[in-house]
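Undergrad: Compute the structure for the input listed below.
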Amino acid sequence: MTNYKNILKILTFCESLTTPDSLWRAVVAPNFYAPLWLDGAKKAGISQVYHTPENPEHPCKVYSLPPPGITHDPHRILQTLSPDDIRYFYRNGIINVVANKEELREHTISFTQLAKALAKTCGINSNKVASTHLIQDQLVCLTPHNTPVYFAFCFSKCAVENMLKHIRAHYPCGEIGLLVMGTRWRNSHTLSYFRKEYNAHIAVVSELFESTQHGFTLLKDAVLPHFLLPTPSKACWQDIYIEISGTFDITIDYVPHNSHPRRIATLHYMDEKEFYSVRRAHSPHKDAFKLLLCYSKSDTPILSQQDIKKSEISDVQTARKKLIKVLHSRVPMLAHLHPFQTYRSKNMVGTKPLFHVKYTNG
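TA: Numbers count the residues shown, from 1 in each chain. Predicted coordinates for the structure are as follows:
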């Protein structure tokens, strides 16, 4: 089973799918500069925490040097050498001691493995990912539906644009979404240029996801770009989970059946004019927010008259309309569906939310 625990840090730091394990906690050693990275290269001046046989409780640093006799450009030579050709050592006082190379194993992950893990986290069927490579080990189509979503292993502006050209050769017109690994290419001018020239919306993997033991998950405060949100035909309000914190921070997640939660929106109640009144200092909470808060604290989906009276909601029907307006704006993929349902039974008639909402003190 692939260990994804630190894979994002490794990939963004090394810009390579093949790296030595020593880079997981690596810094550049004294008197060594950091050379440019080549695909699959080994870094000059690696320094890592290493538990020595003599004193396993107190780790020391491990350094790398080329084989004896290499004096010309040793830093660049290191990039092309195999681990077996590089000398690894740690310092025991003033004596250099050879490090155990078995502790410096090489960690690899294939491009297809990476693409499948990301697709799964986005709720995209990953079964066909391996057969949709546009450029082997560099560019793949995650999903062709509606707005096509692609994933590219690239970091520079030139590389990103090259990927967009390849995509347009296969998909000449229409909006496209692209996930890339690195951020070096990005600024407001470049984003605007790619949108205008290629009708492309681009997001960065490391700013949306964090790695777990078995794959990836959405970062706590990250919000998925629109091109990664589910299509209206597949999404429903029953898959929407809203959480209100004690400080009235609100998160909205999409959690389809047997899939990873995906963050749709994060906001504070003061961000919504239907929730908060700047002018009413004595009572800034508007009825729409009081209603949502009331649902989050209620033990039953249908509010009782006592709940409504306690929440000081003046007009429930108007409050519900305002709340629906907020929900449709914050969850646009479901704007065509009603988030509430009229419930009738022998003993009760009322309206209940289809979405899930809870209040937490955190």
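Undergrad: Show me which helix or strand of this protein is least confident by mean pLDDT.
TA: strand 27-28 (a mean of 37; mean pLDDT, DSSP states H and E).
Undergrad: can you count the residues close to Ala319?
TA: 22 (other Cβ atoms under 10 Å). Where you see a C-beta, it was placed from the backbone N, CA and C, and this is true even at glycine.
Undergrad: cool, Lys322 as well?
TA: Count around Lys322 with other Cβ under 10 Å applied: 21.
Undergrad: I figured it hits Ala288, correct?
TA: Yes. Under the criterion of Cβ atoms under 8 Å, Lys322 makes contact with Ala288 at 3.7 Å.
Undergrad: which residues are in contact with both of those two?
TA: Glu274 (Cβ atoms under 8 Å, 6 or more residues apart in numbering).
Undergrad: Phe155 is in contact with Met181, isn't it?
TA: Yes. With contact defined as Cβ under 8 Å, Phe155 counts as touching Met181 (6.1 Å).
Undergrad: Now do the shared contacts for these two.
TA: Shared contacts of Phe155 and Met181 (Cβ under 8 Å, 6+ apart): Glu15.
Undergrad: Does anything pack onto the helix or strand hosting Lys116? Which helices or strands?
TA: If you go by DSSP states H and E, Lys116 is part of helix 111-121. Under the contact criterion of 3 or more Cβ pairs under 8 Å, 6 or more residues apart in numbering; DSSP states H and E, helix 111-121 touches strand 139-143, strand 149-152, strand 216-218.
Undergrad: Out of those strands, flag the one nearest Pro230.
TA: Nearest to Pro230, of all the helices and strands packed on helix 111-121, is strand 139-143, at 10.5 Å by Cβ to Cβ.
Undergrad: Now do that closest one against helix 111-121, angle only.
TA: Angle, strand 139-143 to helix 111-121, by axes from the mean of the first three to the mean of the last three Cα atoms, to 10 degrees: 20 degrees.
Undergrad: what packs against strand 139-143?
TA: Against strand 139-143 (3+ Cβ pairs under 8 Å, 6+ apart) you get helix 111-121, strand 133-135, strand 149-152, helix 157-170.
Undergrad: what's the most buried one of those?
TA: Sort those by mean neighbour count, taking mean count of other Cβ atoms under 10 Å, and strand 149-152 sits at the top with a mean of 26.
Undergrad: That one: partners in the sheet, and parallel or antiparallel?
TA: In the sheet, strand 149-152 lines up against strand 139-143 (antiparallel), strand 176-180 (parallel) (DSSP bridges).
Undergrad: What mean pLDDT does it get?
TA: Averaged across strand 149-152, the pLDDT comes to 94.
Undergrad: about what we covered before: the helices and strands packed on strand 139-143 into a markdown table, with extra columns for distance to Thr52?
TA: Converted to a markdown table, those look like this (distance: least, Cβ to Cβ, whole Å):
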| stretch | distance to Thr52 |
| --- | --- |
| helix 111-121 | 33 |
| strand 133-135 | 44 |
| strand 149-152 | 41 |
| helix 157-170 | 40 |
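Undergrad: looking at the ones you listed, which is closest to Lys220?
TA: Closest to Lys220 of the helices and strands packed on strand 139-143 is helix 111-121 (Cβ to Cβ; 14.2 Å).
Undergrad: average pLDDT across that closest one?
TA: In this model, helix 111-121 has an average pLDDT of 87.
Undergrad: Pull the residues that contact it.
TA: Taking Cβ under 8 Å, 6+ apart as the rule, helix 111-121 contacts 2, 4, 7, 11, 17, 125-126, 129-130, 133, 136-138, 140, 142-143, 151, 153, 179, 205, 209, 215-218, 260.
Undergrad: that older thread, Thr266 is nearest to which of the helices and strands packed on helix 111-121?
TA: Of the helices and strands packed on helix 111-121, the one closest to Thr266 (Cβ to Cβ) turns out to be strand 216-218, at 11.1 Å.
Undergrad: Show me what counts as buried in the helix or strand just after the closest one.
TA: Later in the chain than strand 216-218, the nearest helix or strand by DSSP H and E is strand 240-244. Using 16 or more other Cβ atoms under 10 Å as the test for burial, strand 240-244 gives 240-244.
Undergrad: Please apply the same query to stretch 271-287.
TA: Those would be 272, 274-276, 285-287, for stretch 271-287 by 16+ other Cβ under 10 Å.
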